[in-house]
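In: could you work out the structure for the sequence below:
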Amino acid sequence: MRRMLQFAEQFVEEEIVVTLSRQLSWSHFLALIPLKSGEAKMFYAQECMNGTLGVRELRKLIARKAFERKEIADVQINVASPIPIGTFKDPYLFDMLGLKDEHLEADLETAILCELESFILEFGKGFAFVERQKRMIVDGDDYHLDLLFYNRYLKRLIAVELKHGKFKAEYNGQMKLYLGWLDKYERQEGENTPIGLILCTESSREQIELLKLDRDGILVAEYWTALPPKKEFEQKIHRILVETRERLARRNLLLPGDDTSPDK
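Out: This next block holds a predicted model:
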């Protein structure tokens, strides 16, 4: 009875309830009710409907803080960015790849391809693998993009670079070159401009903010190869989210004419 009362208090719009109840069971709603944020409830409900997720998969998404990690990534994106809100997460959790701390970039790439289905499930909805070590020839020189994906919902190529260690500003120029090449030579009619994701073990958030990479269609995210204990994991995600919001707030105070704040 208590849960029913909570449900009635939290899901008050009849149209939303009717839509959700067509695809979600009461057990789904029982997993959603404890969530404090209405936005989080709707995010997970939508994920269930998009992916026809069962209750076990829903609880796993909640435990792995999928909403908070999406929010951390979204805070980096301003209104002028070609990156659609909700495309990426930060950090990504690659604990399923079985990598050790001293792994190489090539080890990560190989592990991703060996566990491609699990990687794509973590990566997000609508992603399809296109190519590994995509060769690009610029002025007679060979360049190789680590991983190339396509998102059928976004209708655009997604370039992914894997970096072991802390983010460096030079990675920006490398990714811009790749995106320019893909836009010129690989983009098909009807597709949107390619965007890029740089995955690092440490993301150097202030550098990324100063470079304003999102305006060039580039987002940087950390990846973790092992999950800390539950309480520590929750604290780390909360701390990153709070720090990201504070940094954005400070930037907006310094640049009042820069309309970059997300609609939170």
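
In: surely Ile137 is within a helix?
Out: No. Judged by DSSP: H, G, I helix; E, B strand; the rest coil, Ile137 forms no part of a helix; its state is strand.

In: could you look up the SS state of the closest residue to it other than its chain neighbours?
Out: Of all residues beyond its chain neighbours, the one nearest Ile137 is Tyr143 (7.6 Å), with distances taken as CB to CB, 6 or more residues apart in numbering. Where C-beta positions appear, they are placed from N, C-alpha and C, glycine not excepted. Secondary structure state of Tyr143, per three-state DSSP, is strand.

In: which stretches of the stretch 101-250 of the chain form helices?
Out: 105-114, 116-123, 170-185, 205-211, 230-254 (DSSP state H, counting those that start in this stretch).

In: in TSV, list those helices along with mean pLDDT and distance to Leu32.
Out: Shown next, in TSV, are these (pLDDT from 0 to 100; distance: least, CB to CB, whole Å):
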stretch	mean pLDDT	distance to Leu32
helix 105-114	91	31
helix 116-123	88	20
helix 170-185	96	37
helix 205-211	85	30
helix 230-254	84	18
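
In: tell me which of these lies nearest to Arg152.
Out: Closest of the helices of the stretch 101-250 of the chain to Arg152 is helix 116-123, at 12.0 Å (criterion: CB to CB).

In: so that closest one versus helix 105-114, what angle?
Out: Interaxial angle, helix 116-123 versus helix 105-114 (axes from the mean of the first three to the mean of the last three CA atoms, to 10 degrees): 100 degrees.

In: how far does helix 116-123 sit from the chain's center?
Out: Counting by CA atoms, centre = their mean, to the nearest Å, helix 116-123 is centred 12 Å from the centre of its parent chain.

In: mind saving the C-alpha coords of it as PDB?
Out: What follows is helix 116-123, C-alpha atoms only, in PDB (Å, rounded to 0.1, in the frame of the first residue of the first chain):
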ATOM      1  CA  LEU A 116      31.900  -5.700 -28.600                       C
ATOM      2  CA  GLU A 117      28.300  -6.500 -27.600                       C
ATOM      3  CA  SER A 118      29.000  -5.600 -23.900                       C
ATOM      4  CA  PHE A 119      30.900  -2.500 -25.000                       C
ATOM      5  CA  ILE A 120      28.000  -1.300 -27.200                       C
ATOM      6  CA  LEU A 121      25.500  -1.900 -24.400                       C
ATOM      7  CA  GLU A 122      27.600   0.400 -22.200                       C
ATOM      8  CA  PHE A 123      28.300   2.800 -25.000                       C
END
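
In: what's next to that helix, contact-wise?
Out: Residues outside helix 116-123 that contact it (CB atoms under 8 Å, 6 or more residues apart in numbering) are 89, 92-94, 96-97, 112, 127-129, 149.

In: check stretch 3-14 too.
Out: The contact list for stretch 3-14 (CB under 8 Å, 6+ apart) reads 17, 20, 29-30, 33, 38, 41.

In: how close does the residue nearest to Ile137 sit to Thr193?
Out: Distance of Tyr143 to Thr193, computed by CB to CB, to the nearest Å: 19 Å.

In: do the same with Ile120
Out: Ile120 is 22 Å from Thr193, where distance means CB to CB.

In: so those two - more neighbours on which side?
Out: It is Ile120, of Ile120 and Thr193, that has more neighbours when counted by other CB atoms under 10 Å, with 16 against 13.

In: give the contact list for Tyr92.
Out: Neighbouring residues of Tyr92 by CB under 8 Å, 6+ apart: 69, 122-123, 199, 221-224.

In: if anything else comes up later, I'll come back, but that's it for now.
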